[in-house]
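*Asks:* Got a predicted structure plus its sequence, pasted below:
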Amino acid sequence: MRITIVGTGYVGLVTGAGFAEFGHHVTCVDVDAKRIEMLRQNEMPFHEPGLPELVRRNTMHGRLDFTTSLREAVPGSAAVFIAVGTPSREDGSADLKYVLEAARDIGRALQAAPADGYTVIVTKSTVPVGTADKVRAAVEAETKHAFAVASNPEFLKEGDAVNDFLKPARVIVGADEPRAVDLLRELYRGIMRTTDRIQVMSVRSAELTKYAANAMLATRISFMNELAAICETVGADIESIRKGIGSDPRIGPKFLFAGAGYGGSCFGKDLRALAYLGRELDVPLQVVNAVDRANERQKRLLGERVIKHFGGHLDGKRIGIWGLAFKPETDDIREAPALSLIEQLLAAGATVVGYDPVAGPNVHALLGDRIELATDPYAAAHNVDALVLVTEWHELRQPDLARLATTMRAKVLVDGRNVWPREAAVAAGFTYYGIGRPLVERR
Ligand code: NAD
């Protein structure tokens, strides 16, 4: 089948390459001409494990190509996916300007399609309930061509996106026309050899399922972060509690890690959009609002811990940060907890030096010379008064304590992910701070 993907970001590019891997002919379109040129040269615009190989292989086999022209791509396509950004507006609502602009452009491009054709326009972007109607109106205003609008929200995780796309736990299809459902089933046939993982529902339910998923995951994290604060007060260990509740099959072990707060381009944005929807509909969403508030508080915790340790200000202090991306295995720094920490430390008078295996260039593009960037974790620990772990990349989980002891100016470790060996750190003479963990657990 021939399809078009609009937007070549984390979602669009993975989706395009993934569908090509299933054997479809995919054209990826982006308004960013530089990005399209890079992709044509087989250069990736961001870091995502496994993606370069997937893109290269499918480009080589002639199943995947890139263009800036929707008019070139859309007319022969059975489906056109919208995978552009839906950022937060000031009031928390999702800004649909990119989605609706793409919809209008698709409508215009459909003018050139065969008159007897039928095209399914699919929103893959995370969009508020009711967006499909707006997309339909935007397309309708531009074309007489027959089309349907469907919702197929994406659940991939950055850092493991290729696997998630090729082996999804489920595929949500929101469509009201049977013909659109059949077409989406056909597109996803490549993943249905063992089980039917497609769940068909109404468009509105599909749109809301995506927000519900992100809100649920974020809720688990904020809940654990709040419990971690209790742990610190009463001398309990959040790691014991995590294992204690995570082994209950009704709860399960995932997304129960207390830490530096969640970041990324989705959780915060989607929670704010859901909260906005609640306000707009006059349906109180108290849990959702509290989750986001708790996370904003949590993102400040590591900074507060460092500042308090040094008596309220950091003049003359040098603080090292390990891990800058919002999570491991990505170079994405959107809403990353490390960025909040950096701002807090700078405001308190510190100089900051950071290390990340891949996100350094993005941090430099955002902050310029306001922070130093090291190309090696131990260079980021050189002469620092404290070292803070924010993003638990594998290579940062087991620090060489003896080496840190000789290179750091003061021996203070702040483990924002509870992964460093705290007993060994204390034995080596470090002051160790975790999240929700006393140094010695009271039994
Ligand atoms: P992104 O910002 O990485 O990429 C968006 C791309 O769309 C950019 O390359 C931009 O140039 C392009 N674009 C914008 N307007 C366009 C237009 N009119 N025509 C063609 N291209 C256009 O975004 P992303 O992280 O891939 O997210 C896309 C959507 O998917 C969002 O709604 C997001 O919430 C959702 N989502 C993201 C993730 C994730 O992990 N990043 C996961 C699931 C869902």
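*Replies:* Yes, it's here. Residues are numbered from 1 along each chain as shown.

*Asks:* Give me the pLDDT for residue 441.
*Replies:* If you check residue 441, the pLDDT there is 44.

*Asks:* tell me which element the closest residue to residue 394 other than its chain neighbours falls in.
*Replies:* Counting by CB to CB, 6 or more residues apart in numbering, residue 328 is the residue found nearest to residue 394 once chain neighbours are left out, at 7.0 Å. In short, each C-beta sits where N, CA and C put it, glycine included. Under DSSP states H and E, no helix or strand contains residue 328.

*Asks:* For residue 328, give me its contacts.
*Replies:* 159, 391, 392, 393, 394 (CB atoms under 8 Å, 6 or more residues apart in numbering).

*Asks:* try residue 192
*Replies:* 185, 198.

*Asks:* Distance-wise, check it relative to residue 167.
*Replies:* 11 Å (CB to CB, to the nearest Å).

*Asks:* again with residue 384
*Replies:* Distance from residue 384 to residue 167, by CB to CB: 41 Å.

*Asks:* And these two? Which one has more around it.
*Replies:* residue 384 (23 against 9; other CB atoms under 10 Å).

*Asks:* Show the contacting residues for that one.
*Replies:* Per CB under 8 Å, 6+ apart, neighbours of residue 384: 318, 319, 320, 353, 408, 409, 410.

*Asks:* Next: residue 338.
*Replies:* Here residue 338 is in contact with 260, 263, 321, 323, 324, 325, 326, 354, 356, 363, 390, 391 (CB under 8 Å, 6+ apart).

*Asks:* which parts of this structure sit against the ligand?
*Replies:* The interface of the chain toward the ligand, taken as CB under 6 Å from any ligand atom, is made up of 6-12, 29-32, 35, 83-86, 98, 101-102, 105, 125-126, 154, 156, 158, 265-266.

*Asks:* how about the contacts of residue 384, which pair is most distant?
*Replies:* Taking CB to CB, the two most distant members of those are 353 and 410; they sit 14.3 Å apart.

*Asks:* More neighbours: which of those two?
*Replies:* Remark: of residue 353 and residue 410, residue 353 carries more neighbours, 20 against 15, as counted by other CB under 10 Å.

*Asks:* Not counting sequence-adjacent ones, nearest residue to the more buried one?
*Replies:* residue 372 (4.2 Å).

*Asks:* quick one, what contacts the residue of the chain found nearest the ligand?
*Replies:* Nearest residue of the chain to the ligand: residue 9, at 1.9 Å (CB to the nearest ligand atom). By CB under 8 Å, 6+ apart, the contact list for residue 9 reads 46, 83, 84, 85.

*Asks:* do the same with residue 118
*Replies:* 78, 146, 147, 148, 179.

*Asks:* re earlier: and the contacts of residue 384, which are buried?
*Replies:* 318, 319, 320, 353, 408 (16 or more other CB atoms under 10 Å).

*Asks:* Now, those that are in strands?
*Replies:* With strands taken from DSSP state E, the overlap with those comprises 318, 319, 320, 353.

*Asks:* circling back to that earlier point, out of the contacts of residue 9, which is most surrounded?
*Replies:* For those, neighbours tallied by other CB under 10 Å; top is residue 83, 27 neighbours.

*Asks:* For that one, which non-adjacent residue is spatially closest?
*Replies:* residue 12 (3.4 Å).

*Asks:* Helix or strand for the one you found, just tell me which one.
*Replies:* helix 10-21.

*Asks:* now the helices: where do they sit in the stretch 151-300 of the chain?
*Replies:* For the stretch 151-300 of the chain, the helices defined by DSSP state H, counting those that start in this stretch occupy 161-166, 178-187, 203-234, 238-246, 267-281, 286-299.

*Asks:* Next, format these as a markdown table and append mean neighbour count and mean pLDDT.
*Replies:* What follows is the helices of the stretch 151-300 of the chain, written out as a markdown table (neighbours: other CB atoms under 10 Å; pLDDT from 0 to 100):
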| stretch | mean neighbour count | mean pLDDT |
| --- | --- | --- |
| helix 161-166 | 20 | 96 |
| helix 178-187 | 17 | 96 |
| helix 203-234 | 19 | 98 |
| helix 238-246 | 17 | 98 |
| helix 267-281 | 20 | 97 |
| helix 286-299 | 18 | 97 |
